[in-house]
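1. Fold the following and give me the result.
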Amino acid sequence: MSAGSDAKDVVFGLVDGFLADPAAGESAIAAARASLAPEVLEDLDSVLSDRRISYRDGVLIQLGYGVADPALDLTQRPEGARGMAQQLGVFFAARHITAVKDAYQNIAKNSVSLTRNNVPAFDRLLVWATGATTAERDAALRLACAVVAATARPVLPMPPVNRSALTFARFVDLLHALLASPSGGAFEQFTVAALLHSVVSNHGEGRARVETKNLNASDRSSFAAGDVQVVTGTRVLEAFEVTANDWRTKVGAASKTIRDNDLSRLHIIAARPDGDRAAASAELRALAEDVSVLDARQVVEVLAALLTRPQRAEALTRLYEYLDRYQPDTERVNLFVRKLGEAGLVEGAGD
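-> Numbers count the residues shown, from 1 in each chain. Below you'll find the predicted structure:
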């Protein structure tokens, strides 16, 4: 076994262990605080609470290597650490812990030297760890892993979906129940995005993709033409403004959105009751631009009808990922998981 493999096993194992047993994490923190010097604890607390989480990950990886190989100079990036950093980012994201893709790309992309005077507490920790005993390194690593594990959001895991149960009627009933649940527009935006993703990826030729953005990000700040887009390369093929609100709240800005983003047309997906059909048509006829107004429930039905049962299961998994990644309220993710069970769409739930 290599030091890199051992370091990964140690770090990943500690985090998973503390996620499964928070009391063990509290014990590890208490033991480290009783055994490590106050100045070391101060630097650990500083790095672990820093918003620049690349340095948090860097400390975990360097300490993991230090436990695996006591002879290493921990002020230097060990061989294989970049790969471990990338794996750690995926590992954290899957466990609902705030993550970066590659900590070393932000710490020292083109250098093996990690003490660069960017974060003095980080530099001091690596210098200390290089001269520390294995027991001290282990205590610091356990504290760090326990602190990071405690930041995991309490999100229910995505359950295995019973594909055979995903008939059009049962699938749409679930999605309508979600749209009827207040979510600040999250269920509307991400349901449309997930369904479009499955339609495009399964019925296209691989050239187009679906993109969506954080729930609370404006189109301008995210450099997007709409809440959901169908894109090829850098060109927007279709743009969708999706809202839980009345369709009138989006029509006023539609023409400017088309002009600003050089679009051929724009789709508004909103609450548009059948009784508003004539009013919506009248407003749209007054525009020079090509704008459509569609009711969210009807859009969901049409997109759902285009998907096979396996593709509907894929869309549900994508919806879970969007809710987990692009909006901050964990209860919305958990509500989605609970509604899957209540609808009898989870494996083992029965008909």
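
2. just so I have it, where are all the helices in the stretch 1-150 of the chain?
-> 3-20, 22-35, 38-49, 53-68, 81-94, 103-108, 120-131, 134-149 (DSSP state H, counting those that start in this stretch).

3. helices or strands next to the longest one in the packing?
-> Counting contacts by 3 or more Cβ pairs under 8 Å, 6 or more residues apart in numbering; DSSP states H and E, the secondary-structure elements packed against helix 3-20 are helix 22-35, helix 53-68, helix 81-94, helix 134-149. Quick note: C-beta positions are derived from backbone N, CA and C, even for glycine.

4. which of the ones you listed sits most buried?
-> helix 53-68 (a mean of 26; mean count of other Cβ atoms under 10 Å).

5. Measure how far that one is from the centre of its chain, please.
-> 23 Å (Cα atoms, centre = their mean, to the nearest Å).

6. for the record, mean pLDDT for the top strand by length along the chain?
-> Ranked by residue count under DSSP state E, the longest strand found in the chain is strand 235-246. Taken as a whole, strand 235-246 carries a mean pLDDT of 95.

7. and that strand, which strands flank it?
-> strand 228-232 (antiparallel), strand 266-271 (parallel) (DSSP bridges).

8. Can you name the next helix or strand after it?
-> helix 248-251 (DSSP states H and E).

9. who does that following helix touch, helix- and strand-wise?
-> strand 235-246, strand 266-271, helix 277-285, strand 291-295.

10. I'd like the ones you listed laid out as TSV, including distance to Ala169 and mean neighbour count.
-> Putting those into TSV (distance: least, Cβ to Cβ, whole Å; neighbours: other Cβ atoms under 10 Å) gives the following:
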stretch	distance to Ala169	mean neighbour count
strand 235-246	23	18
strand 266-271	22	23
helix 277-285	25	13
strand 291-295	19	19
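
11. Can you lay out the ones you listed as JSON lines showing distance to Pro78?
-> Output for the helices and strands packed on helix 248-251, formatted as JSON lines (distance: least, Cβ to Cβ, whole Å):
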{"stretch": "strand 235-246", "distance to Pro78": "43"}
{"stretch": "strand 266-271", "distance to Pro78": "50"}
{"stretch": "helix 277-285", "distance to Pro78": "61"}
{"stretch": "strand 291-295", "distance to Pro78": "54"}
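
12. looking at these, which is closest to Leu319?
-> strand 235-246 (13.2 Å; Cβ to Cβ).

13. any idea of the angle that closest one forms with strand 291-295?
-> Orientation check (axes from the mean of the first three to the mean of the last three Cα atoms, to 10 degrees): strand 235-246 against strand 291-295 gives 50 degrees.

14. Poorly predicted segments of the stretch 251-351 of the chain, please.
-> Filtered on pLDDT under 70, the stretch 251-351 of the chain yields the residue ranges 349-351.

15. still on that earlier bit, in TSV: the strands paired with strand 235-246, plus distance to Asp173.
-> Listed next are the strands paired with strand 235-246 as TSV, based on distance: least, Cβ to Cβ, whole Å:
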stretch	distance to Asp173
strand 228-232	23
strand 266-271	19
